[in-house]
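# give me the fold of what follows.
(one chain, ligands or ions: 1)
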Amino acid sequence: MRRLSACLVPLLGACAAAAPAPAPVPPVTTAPPVATTPPPPSLPLAQTGIDATWMDPAVDPCQDFFAYACGGFVKSTVIPSDRATWGTTESVQRKNEEFLRGVLETAAASAGGDPALRKLGDYYAACIDEPGIEKAGVAPIKPLLDRIARIKDKRTLAAAIVELHASNVFPLFDVSPQQDFKDATQMIAGLDQNGLGLPDRDYYLKDDGNLKDVREFYTGHVGRMLALAGMKPAEVKAATVDVMRIEGALAKLSQDKVTRRDPYKVYHRVDRGGLPGIAKTFPWDAYFEGLGFPGIQAISVNDPAYFTGIDALLGDDKPGAWRHYLAWTVVRTEAKFLSKAFLEESFAMRAKLTGQKELEPRWKKCVRSADGALGELLAQPYVAAKFAGDSRERARALVGSIAEAMRGDLESLPWMDEMTRVAAMNKLANLHHDKVGYPDKWRSYDFEVSRASFATNAMAAIRFELRRQLAKVGKPVDRTEWGMTPPTVNAYYDPSMNEIVLPAGELQPPFFSRDFYPAVNIGDEGANTIGHEITHGFDDEGSQFDGDGNLRDWWSKDTKARFDEATRCVQEQYSGYEAVPGVKLNGELTSGENIADIGGVKLGLAALRAWESAHAEERRAVDGFSDEQIFFLAYAQGWCSKETPAFLEMLARTNPHSPPRWRVNGPMADVPAFAQAYQCKAGTPMNRGKVCSVW
Ligand SMILES: [Zn+2]
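So this is what the prediction gives:
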């Protein structure tokens, strides 16, 4: 229903490129000729890509633009019982999952043939085999639990931790490869805080909002899960107390989420030689040996004090308490591979945190698990069906137009001095933005998969991936790798790579279609995603990395002071917004995302104007809406969504993104062109009389 005939509204001239450019018109000196071609017919709103039924025309757009653009959607949407939120992103995810389910079921039903399809089919068949999973019981985690049971002193405790890490279970801390912040051409190992079962340290340390209630529920949940794993009732109570004490101590040592947004606070190159200095009793040589990578030397820790703290903690508590904490970490991490009783108890915790009402059907879990384990095999039929034809070229043209808008923005920003402007232009010139849709080369998955055991397959996939990741340490960076699989409905900017990545899963209606009116594609995918991601390179976090991806201060002092002032303006603005009554947004935690949202809208707007002047012949009258009104409407509808209150509260506490309502109303209040387009009087919420402007 959204489809328009191809090339009726070509995206950014992609279709027009096939036709020869019109000859320049000579100056007219005589009477102008009578026009022989009538103007193109007006386009109904419903054919642009905007969904008129999602709107609520009774709402004044100047009071609450989110409610105007998405009020109809919110009113008519019932959050599915197996979700905590439902919006455009989830609806695209659902369509993608249904498609992938078809691929996997077909593969599972056919025996033999193509090896890639066989692997996918076997993986899915084992995952969907609930009787087989029930029969396995706790057997898949028994070897790890037995290993933990043998802990009797500090030496055997450390040895058990090493073994768990080698199995991708991470009590206390974790290990992964990362680009060296100071030399982005090289891969090093990063050791980082980990080991909490609740989503954030605040859940252990504070009592406001629902924190205390959630923590109390979690305490019971730990006990119920350990009992399911076979712990005797007499031991469960003591185990729960131990787990809460140790996790509470880890929470105190952990950096908070705002601190972790500062790259200088999470990067400390200590290397192998420096580890004994910060955690003197932990057997680091045995650790890297146990992981299978004794040669790893280049290492950064997030925070030396954290590692000093856990080293002391390891000596403080009794072996019995550690046995309880490690057993809990195994059960919590591996529950997703186990029987229904574990899934249901894990779900009960999730329901408490998010307000979700029902466990999702098994097939969805298996689609996601296959995407995680064999993502680029599963992606190939997806891309062929869902991102065909010239989709990639059109999306790349859109990316190019937004990058060009950023160049224009950098050229004209009044608060930048010339030295900083040159460095910023250099960063933009070095921005990689050709990863659109899917990788040029597909990766392989060299591990065994059979129909016999889901847990065995899933754990083999995880171990293979951990080894593949750690093998990168000490080597030059591979610039061809993707951090998301192609069906993923998301996108990212990576500051060390200085690149944006746009999977095909994101380049789908209602965000993007080759058949949408260009102002819709520019407003939604262009501003919402591409402009947003490009701006991340210049937000309060990304702007600390230079064009080569190195953490380096390329700012003049004065310009940096003005940038910081503009950032504070955004932080104060969003700190005033409420997620749910009584719980405000954290302006510092969300500032990078909010700067990216505001910047994205501005870049999209500049790209819209460039399109309007370069492709006047493609412009259409749309049911009384101007192109700018359509643009803002498309941006807002990209965020139409409804959430449970518990989910909104969790978002506000843990997520660097603002909730959808504020991802719309926040930027609109900061872009004067919005107030002009919708003729908002001064003093209305969308025209506050003050704008926060960074990029
Ligand atoms: Zn973002």
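# from here on, just use CA atoms for contacts and neighbour counts.
OK.
# in stretch 420-435, what counts as buried?
Buried residues in stretch 420-435, counting neighbours by 16 or more other C-alpha atoms under 10 Å, are found at T420, R421, A424, M425, K427, L428, N430, L431, H432, H433, D434, K435.
# can you tell me how far D311 is from A158?
Here the criterion is C-alpha to C-alpha, to the nearest Å. By it, D311 lies 10 Å from A158.
# need the overlap of contacts for these two.
F282 (C-alpha atoms under 8 Å, 6 or more residues apart in numbering).
# identify each buried residue in the helix or strand hosting D409, please.
D409 belongs to helix 391-412 when assigned by DSSP states H and E. Buried residues in helix 391-412, counted by 16+ other C-alpha under 10 Å: 391-392, 394-407, 409-410.
# taking the buried residues of stretch 420-435 one by one, which sit in helices?
T420, R421, A424, M425, K427, L428, N430 (DSSP state H).
# export the helix or strand where A673 lies to PDB, keeping only CA atoms.
Following DSSP H and E, one finds A673 within helix 672-677. Backbone C-alpha positions of helix 672-677 (Å, rounded to 0.1, in the frame of the first residue of the first chain) are rendered in PDB as follows:
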ATOM      1  CA  PRO A 672      14.000  26.700  14.300                       C
ATOM      2  CA  ALA A 673      13.000  25.400  10.900                       C
ATOM      3  CA  PHE A 674      10.500  23.200  12.600                       C
ATOM      4  CA  ALA A 675       8.700  26.100  14.300                       C
ATOM      5  CA  GLN A 676       8.600  27.800  10.900                       C
ATOM      6  CA  ALA A 677       7.300  24.800   9.000                       C
END
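# give the other helices and strands that it contacts.
helix 627-637, helix 660-670 (3 or more C-alpha pairs under 8 Å, 6 or more residues apart in numbering; DSSP states H and E).
# and the last one, which residues are buried?
Okay, so that is helix 660-670. Buried, per 16+ other C-alpha under 10 Å, within helix 660-670: P660, R661, W662, R663, V664, N665, G666, P667, M668, A669, D670.
# in JSON lines, list the ones in helices among the buried residues of stretch 420-435 along with distance to M650 and pLDDT.
JSON lines is the format used below for these (distance: C-alpha to C-alpha, whole Å; pLDDT from 0 to 100):
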{"residue": "T420", "distance to M650": "38", "pLDDT": "94"}
{"residue": "R421", "distance to M650": "39", "pLDDT": "94"}
{"residue": "A424", "distance to M650": "35", "pLDDT": "94"}
{"residue": "M425", "distance to M650": "38", "pLDDT": "95"}
{"residue": "K427", "distance to M650": "35", "pLDDT": "95"}
{"residue": "L428", "distance to M650": "35", "pLDDT": "96"}
{"residue": "N430", "distance to M650": "37", "pLDDT": "96"}
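# how deep is V78 tucked in, by neighbour count?
12 (other C-alpha atoms under 10 Å).
# now the one 3 residues further on
A count of neighbours around S81, defined by other C-alpha under 10 Å, yields 13.
# do the same with Q63
Other residues close to Q63 by other C-alpha under 10 Å number 17.
# what's the nearest residue to it if we skip its chain neighbours?
P685 (5.4 Å; C-alpha to C-alpha, 6 or more residues apart in numbering).
# pretty sure that neighbour is touching A669, no?
Yes. Between P685 and A669 there is a contact under C-alpha atoms under 8 Å: 7.0 Å.
# and stretch 64-79, how far out from the chain middle?
23 Å (C-alpha atoms, centre = their mean, to the nearest Å).
# can I get it as PDB, trimmed to CA atoms?
Only the C-alpha atoms of stretch 64-79 are listed here, as PDB (Å, rounded to 0.1, in the frame of the first residue of the first chain):
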ATOM      1  CA  ASP A  64       3.600  17.800  21.300                       C
ATOM      2  CA  PHE A  65       4.900  16.800  17.800                       C
ATOM      3  CA  PHE A  66       5.300  13.200  18.900                       C
ATOM      4  CA  ALA A  67       1.600  12.900  19.700                       C
ATOM      5  CA  TYR A  68       0.700  14.700  16.500                       C
ATOM      6  CA  ALA A  69       2.800  12.400  14.300                       C
ATOM      7  CA  CYS A  70       2.300   9.100  16.300                       C
ATOM      8  CA  GLY A  71      -0.800   9.600  18.400                       C
ATOM      9  CA  GLY A  72      -2.900   7.400  16.200                       C
ATOM     10  CA  PHE A  73      -0.200   4.700  16.400                       C
ATOM     11  CA  VAL A  74       0.000   4.900  20.200                       C
ATOM     12  CA  LYS A  75      -3.800   4.800  20.500                       C
ATOM     13  CA  SER A  76      -4.300   1.800  18.200                       C
ATOM     14  CA  THR A  77      -1.200  -0.200  19.300                       C
ATOM     15  CA  VAL A  78      -1.500  -3.000  21.900                       C
ATOM     16  CA  ILE A  79       2.000  -4.000  23.000                       C
END
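# need the contact partners of stretch 226-236.
Taking C-alpha under 8 Å, 6+ apart as the rule, stretch 226-236 contacts V138, G223, A327, W328, V331, A341, F342.
# hmm, back to that, which helices and strands sit right next to the helix holding D409?
helix 418-430, strand 432-437, helix 591-614.
# which stretches of the protein aren't confidently modelled?
For the chain, the stretches flagged by pLDDT under 70 are 1-39.
# kindly list the longest strand within it.
Longest strand in the chain by number of residues (criterion: DSSP state E): strand 183-193.
# so which of the helices and strands packed on helix 391-412 comes closest to S641?
For S641, the closest of these is helix 591-614, at 16.7 Å, according to C-alpha to C-alpha.
# could you dump that closest one to PDB, C-alpha only?
What follows is helix 591-614, C-alpha atoms only, in PDB (Å, rounded to 0.1, in the frame of the first residue of the first chain):
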ATOM      1  CA  SER A 591      24.000  13.700  25.700                       C
ATOM      2  CA  GLY A 592      25.900  11.900  22.900                       C
ATOM      3  CA  GLU A 593      22.700  10.400  21.500                       C
ATOM      4  CA  ASN A 594      20.800  13.700  21.900                       C
ATOM      5  CA  ILE A 595      23.500  15.700  20.100                       C
ATOM      6  CA  ALA A 596      23.400  13.000  17.300                       C
ATOM      7  CA  ASP A 597      19.600  13.300  17.100                       C
ATOM      8  CA  ILE A 598      19.600  17.100  16.900                       C
ATOM      9  CA  GLY A 599      22.500  17.000  14.400                       C
ATOM     10  CA  GLY A 600      20.800  14.300  12.400                       C
ATOM     11  CA  VAL A 601      17.700  16.500  11.900                       C
ATOM     12  CA  LYS A 602      19.800  19.500  10.800                       C
ATOM     13  CA  LEU A 603      21.900  17.500   8.400                       C
ATOM     14  CA  GLY A 604      18.700  15.900   7.000                       C
ATOM     15  CA  LEU A 605      17.200  19.300   6.600                       C
ATOM     16  CA  ALA A 606      20.300  20.600   4.700                       C
ATOM     17  CA  ALA A 607      20.100  17.500   2.400                       C
ATOM     18  CA  LEU A 608      16.400  18.200   1.900                       C
ATOM     19  CA  ARG A 609      17.100  21.700   0.700                       C
ATOM     20  CA  ALA A 610      19.900  20.500  -1.600                       C
ATOM     21  CA  TRP A 611      17.400  18.000  -3.100                       C
ATOM     22  CA  GLU A 612      14.700  20.700  -3.500                       C
ATOM     23  CA  SER A 613      17.000  23.000  -5.400                       C
ATOM     24  CA  ALA A 614      18.800  20.300  -7.500                       C
END
